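sharing a sequence plus its predicted fold:
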Amino acid sequence: MIKIKNLKKFYNNRLILDISELDLDAGKVYSLIGRNGAGKSTLLNILSGVLSSDEGYIETDLDETILCPQEPMFFKGDVVYNLTEPFKLMGKNIEISKVREQLKNFGISELENSLISTLSGGEKAKVQFVRTKLYDKKIVLLDEPTASIDKKSTALVEEAIVKMKNEGKLILIITHNYEQALRISDTIFEIDDGKLIRRRI
C-alpha cells in the first residue's frame, strides 16, 4: 500500500532522508527506531502529506492515511468536542456512542467533558490515539504514541495496534522502545543518517 523509490529530503542543503526503495503492505505493523534527528518523523510527515519530498517517487493513498503526531494537536474545548468536531469539518458525523466506547476502552470515560487544557500529557496522548482510531483509515502513521503514557495504557495501545493490523490496516510506528517494537512488529527498520536498515522480519 506504500511504495517508495529514490526518496530524498534536504534541510538547508543537508540530506536527511535517502531511501532507495521501500514497500509496505496492508495487514502489517512496521516499526521505525533510531536516534533523535535521524529522519523518522520527517518520513512520517512526508507519507502523510504534511511535507513534500525533494526527489523520488511515492505511491500511497493520502485520503486513507491518518497521522498521529508526537505532539498532540487539539481545538479549544472539551474531550468530546475534540473527538467529534474534526469529523464535522469534513462533512461527516460520528456517533457519540462510538466516542464513548473508545474512551471506555482506554479507561478515560471520566474525561469526556474535561477541557483539553486541563489534561495531563499522558491523557492528551490517549485522547489523540482514540481520535486516530475513530478516523478508521487504512494507513495509520504513529509517532511515539506511548511515549508519555503509563505501562497499563501502553499495553492497551499495543493491543489496539495489533487489532488494527488484523483488520487489514497498514501501521507504521515510531518508537524508542525496542522491546515494544519486538512485541508488535512484523518488520523493524532503523533509520541512521537518513538511510533505512532492516533489522527484523
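In hand now; what should we look at? Numbering: from 1, shown residues only.

please make it C-alpha for all contacts and neighbour counts, starting now.
Noted.

in stretch 93-107, what counts as buried?
Within stretch 93-107, the residues that qualify as buried are 99, 100, 102, 103, 106, counting by 16 or more other CA atoms under 10 Å.

contact partners of it?
80, 83, 84, 87, 109, 112, 126, 127, 130, 134, 153, 156 (CA atoms under 8 Å, 6 or more residues apart in numbering).

try stretch 57-67
Taking CA under 8 Å, 6+ apart as the criterion, the residues outside stretch 57-67 that touch it are 1-7, 44-45, 47-49, 132, 135, 137-143.

buried stuff in it?
Of the residues in stretch 57-67, those buried under the neighbour-count criterion (16+ other CA under 10 Å) are 58, 60, 65, 66, 67.

re earlier: what would the buried residues of stretch 93-107 look like in JSON lines with distance to residue 174?
Output for the buried residues of stretch 93-107, formatted as JSON lines (distance: CA to CA, whole Å):
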{"residue": "99", "distance to residue 174": "25"}
{"residue": "100", "distance to residue 174": "27"}
{"residue": "102", "distance to residue 174": "23"}
{"residue": "103", "distance to residue 174": "23"}
{"residue": "106", "distance to residue 174": "21"}
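
show me what contacts residue 79?
The neighbours of residue 79, taking CA under 8 Å, 6+ apart as the test, are 111, 112, 113, 114, 115, 116, 127.

so which residues of this structure form helices?
With DSSP state H as the definition, the chain shows helices at residue ranges 40-48, 79-89, 96-105, 121-135, 151-166, 178-184.

columns distance to residue 11 on top of those helices, output as a markdown table?
As requested, the helices of the chain are exported to a markdown table (distance: least, CA to CA, whole Å):
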| stretch | distance to residue 11 |
| --- | --- |
| helix 40-48 | 10 |
| helix 79-89 | 31 |
| helix 96-105 | 39 |
| helix 121-135 | 29 |
| helix 151-166 | 32 |
| helix 178-184 | 28 |
